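Enquirer: everything below, folded, please.
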Amino acid sequence: MPFVLRSLGLLTTLFFALTLQLSAESVYKYSYFPKKIYKNQVFPVTVIGINSTQDQIPEFIFDPTSNIQPLSDKPLVINNNSDSFYTFYFKAKDRGLRIPALRIRTEYVYTELSSGFIPLADLEHREDFCGVIAADMKVKNSQVSNYDETNHIVTLNIEANEANLEDMKLHNVEESGIEEIRRDYAKVYGDFYAVVPMNQKELQFTYFNTIQQQYSSIKVAVEVKDASVSTQAELNPKEDSFEQLKKFILGTLTLFMLVMFLFKRDFFFLVVGVISFITLLTLYIPHKTICIKQGAPLYILPTHTSTVSSHLGEKLEAPLLGERNEYMKVETKEGVIGWVKNEDLCEN
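Expert: Residues are numbered from 1 along each chain as shown. The predicted structure follows:
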């Protein structure tokens, strides 16, 4: 009898131990799966690991036979007490898509989550829609520079969440594009440019906000403030009011000091007059000339992914208007101004 009681006690202990072990095992399932998506939308799919260990990320394998794969193999991980959330980001195409089956493997657990279909919804058409669908989007910095005799180029540094910035484009401008895109899970950054007429005072467009489920408007003032990275410089002194003002002030100061020297015979006026005259002469010194290879690309902006505006049809001797890292700003014989790389300069 005592043997039987001991056996029952041992079985009971093993049963409770096994129950506790099973209850402590990690359980993986989808915690967020969108019910609808829009064309070109970047959207999240989140897996929760209940009672998952936080010292090691499970191995996630989406069905490799599917042509639908996340933008990054590594998920965004957020830990909350004993639970962990693993978020993957996908991009919709021109139709609904099926998230492939997902295999999750740890040292102790193997789980497979079945595939799921997400239907595609339509957006209301708007002429000012820039093509971006995002949870949030804002302009961090903006710069307006002279592009040519009739246009400005507006450059926007953009930060967005869950956004398809690579599809950003404006239809009511002469030219626009997005460059230097950098993605960090939900966050995405990029430099957008648009060529607009000089008489345009504001650049306005909308994006679709997936949180508010409506279009949100962004407005940027078109006003030249800093021409340090200007693609198209005001080369003609008659067209540059600030350059004219400097020359006028220096010329007037030089003449005044010389007149004062003649009347006062004080060498102080002569010294100041000579310094003003020398400074005035520097404004008339022509730009340094550089040689550019035939066929060299002419870039709109001094960035690695900048749009190429044209290619030089022949070897060119051009004035050097400015420098930025490995890029040099020049003007072609046709009056087009842009940036060329140092590697495209003539060897001799």
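Enquirer: tell me the SS of R182?
Expert: Here R182 is recorded as strand under DSSP: H, G, I helix; E, B strand; the rest coil.
Enquirer: in space, what's closest to it - neighbours in sequence excluded?
Expert: Y189 (4.6 Å; C-beta to C-beta, 6 or more residues apart in numbering). No exception for glycine: its C-beta is placed from N, CA and C like everyone else's.
Enquirer: neighbours of that neighbour, just the number please.
Expert: When neighbours are counted by other C-beta atoms under 10 Å, Y189 registers 16.
Enquirer: residues contacting it?
Expert: 157-160, 165, 180-183 (C-beta atoms under 8 Å, 6 or more residues apart in numbering).
Enquirer: pLDDT value on it, please?
Expert: pLDDT for Y189: 94.
Enquirer: so where do the strands sit in the stretch 101-250 of the chain?
Expert: 102-105, 110-113, 116-118, 120-121, 129-134, 136-146, 151-161, 175-184, 187-197, 202-209, 214-221 (DSSP state E, counting those that start in this stretch).
Enquirer: deepest of those strands, which one?
Expert: A comparison of the strands of the stretch 101-250 of the chain by mean neighbour count, using mean count of other C-beta atoms under 10 Å, puts strand 129-134 on top with a mean of 23.
Enquirer: give me the distance between it and the centre of its chain.
Expert: 14 Å (C-alpha atoms, centre = their mean, to the nearest Å).
Enquirer: now it: mean pLDDT?
Expert: If you average the pLDDT values across strand 129-134, you get 97.
Enquirer: now swap in stretch 290-307 and tell me
Expert: 81.
Enquirer: give me the contact list for that stretch.
Expert: Contacts of stretch 290-307 (C-beta under 8 Å, 6+ apart): 153, 155, 175, 177, 179-181, 191, 193, 229, 231, 308-320, 324-325, 327-330, 332, 336, 338-341, 344-346, 348.
Enquirer: ok, now with 6 Å
Expert: When contacts are defined by C-beta atoms under 6 Å, 6 or more residues apart in numbering, stretch 290-307 is touched by residues 177, 179-180, 231, 308-312, 314-317, 320, 324, 327, 338-340, 344-346.
Enquirer: what about those, which are in strands?
Expert: In this view, the contacts of stretch 290-307 that belong to strands under DSSP state E are 177, 179-180, 308-311, 316-317, 320, 324, 327, 338-340.
Enquirer: buried only: go through those residues for me.
Expert: 177, 179, 309, 316, 327, 338-340 (16 or more other C-beta atoms under 10 Å).
Enquirer: all helices of this structure, in order?
Expert: Using DSSP state H, the helices of the chain run over 2-24, 241-264, 267-282.
Enquirer: mean pLDDT for those: which is lowest?
Expert: helix 2-24 (a mean of 46).
Enquirer: circling back to that earlier point, okay if I get the buried ones among the ones in strands among the contacts of stretch 290-307 as TSV plus distance to F268?
Expert: TSV is the format used below for those (distance: C-beta to C-beta, whole Å):
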residue	distance to F268
G177	56
E179	54
S309	52
L316	48
Y327	45
G338	47
W339	45
V340	47
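Enquirer: tell me which of the residues you listed is nearest to D83?
Expert: E179 (39.6 Å; C-beta to C-beta).
Enquirer: hang on, isn't the closest one packed against A194?
Expert: No. E179 is beyond contact range of A194, at 12.0 Å (criterion: C-beta atoms under 6 Å).
Enquirer: run through this protein and note the low-pLDDT ranges.
Expert: Within the chain, the segments meeting pLDDT under 70 span 1-26, 53-55, 225-243, 285-287, 305, 348.
Enquirer: what bridges to A318?
Expert: A318 forms beta bridges with I290, as assigned by DSSP bridges.
Enquirer: ok, and the closest non-adjacent residue to L270?
Expert: F261 (4.5 Å).
Enquirer: sorry, wrong one. I was asking about T65.
Expert: Spatially, and ignoring its direct neighbours in sequence, T65 is nearest to P100 (7.8 Å; C-beta to C-beta, 6+ apart).
Enquirer: please name the bridge partners of the residue positioned nearest the centre of the chain.
Expert: When C-alpha atoms, centre = their mean is applied to the chain, the residue found nearest the centroid is G190 (0.7 Å). Counting by DSSP bridges, G190 forms beta bridges with I158.
Enquirer: surely it and G177 touch.
Expert: No. Counting by C-beta under 6 Å, G190 stays clear of G177, with 10.0 Å between them.
Enquirer: could you list the domains of this structure?
Expert: 22-121, 129-221, 237-282, 289-344 (automatic domain parsing).
Enquirer: what sits against the closest residue to L170 other than its chain neighbours?
Expert: What sits nearest to L170 in space, not counting adjacent residues and going by C-beta to C-beta, 6+ apart, is S176, at 4.5 Å. Residues near S176 by C-beta under 6 Å, 6+ apart: 169-170, 194.
Enquirer: now do the contacts for M260.
Expert: F269.
Enquirer: one more time with 8 Å
Expert: Here M260 is in contact with 266, 269, 273 (criterion: C-beta under 8 Å, 6+ apart).
Enquirer: what of Y207?
Expert: Contacts of Y207 (C-beta under 8 Å, 6+ apart): 129-130, 132-134, 137, 160, 163, 215-216, 218.
Enquirer: can you do 6 Å?
Expert: 130, 132, 134, 137, 216.
Enquirer: from the residues you listed, pick the one nearest L76.
Expert: For the contacts of Y207, the residue nearest L76 by C-beta to C-beta is A134; the value is 16.4 Å.
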